[in-house]
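*Asks:* what would the 3D arrangement of this be:
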Amino acid sequence: MQTCYCIKPSTSSCGNGACESGENVNNCPADCNTISCIGVNEGREVKSGQSCCAGLTPLVEKYSQLTDNWTCLPMSNSRTLCAKCGNGICGPGESYCSCPQDCCTPGTVSGCKVCQTNPSQVWKDDNSRCLNGQICKDGACVFVKQYFG
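*Replies:* Residues are numbered from 1 along each chain as shown. This is a model prediction of the structure:
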């Protein structure tokens with residue numbers, strides 16, 4: 001006696017304009033490539049007719065960090081991504097070249113804060129820039145006793 005496992009044939013039809021069950025952007029881009037808005041660093045470029053989701057800014061990647069002295073050099077083919085540029089946080093898709101409002105220039109120093117270069121350009125307190133008995137807190141050297149009470 002044989003056991004038969006029956007599979008119901010799919011009723012979806014790629015190319016009918018609807019992204020149906022079993023279809024996705026990889027196996028049916030004709031139906032599933034319509035995106036209402038682009039989110040933060042989804043790896044997708046903002047194309048004609050698309051926009052960034054609410055609260056995000058279209059960020060044109062015009063520059064690339066190619067030199068040893070961290071000079072922003074123009075890219076031959078720029079693309080537009082969506083980011084939260086201007087919120088004070090160097091976030092996904094942002095760099096000091098594309099969003100200087102949020103990301104610091106690597107190697108710069110402000111008080112006892114140093115611009116960290118990896119994974120992104122953010123300020124980091126550096127205690128080694130303070131005298132003995134002091135720590136770096138929000139870019140200023142303070143005595144440990146003064147800070148902890």
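*Asks:* mind giving me the domain split of the chain?
*Replies:* In terms of domains, the chain is parsed into 7-36, 39-98, 104-149 (source: automatic domain parsing).
*Asks:* now those as CSV including mean neighbour count and mean pLDDT?
*Replies:* From N, CA and C alone the C-beta is placed, and that goes for glycine too. Putting these into CSV (neighbours: other C-beta atoms under 10 Å; pLDDT from 0 to 100) gives the following:
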stretch, mean neighbour count, mean pLDDT
domain 7-36, 12, 67
domain 39-98, 15, 76
domain 104-149, 14, 82
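*Asks:* just want the most central residue of this structure.
*Replies:* Centroid-nearest residue in the chain: residue 92, 1.4 Å away (criterion: C-alpha atoms, centre = their mean).
*Asks:* hmm, it is touching residue 85, no?
*Replies:* No: under the criterion of C-beta atoms under 8 Å, residue 92 lies out of contact with residue 85, with a separation of 10.7 Å.
*Asks:* pull up the overlap in contacts between these two.
*Replies:* Taking C-beta atoms under 8 Å, 6 or more residues apart in numbering as the contact rule, residue 92 and residue 85 have no neighbour in common.
*Asks:* if I look at the residue nearest to the centre of the chain, how far off is residue 133?
*Replies:* Here the criterion is C-beta to C-beta, to the nearest Å. By it, residue 92 lies 39 Å from residue 133.
*Asks:* other residues contacting stretch 106-123?
*Replies:* Under C-beta under 8 Å, 6+ apart, the answer for stretch 106-123 is 70, 89-91, 94-96, 103-105, 124-127, 129-130, 136, 138-141.
*Asks:* restricted to strands, list those residues.
*Replies:* Applying DSSP state E to the contacts of stretch 106-123, the entries found in strands are 124, 125, 136, 140, 141.
*Asks:* pick the one among those closest to residue 78.
*Replies:* Nearest to residue 78 among the ones in strands among the contacts of stretch 106-123 is residue 124, at 29.3 Å by C-beta to C-beta.
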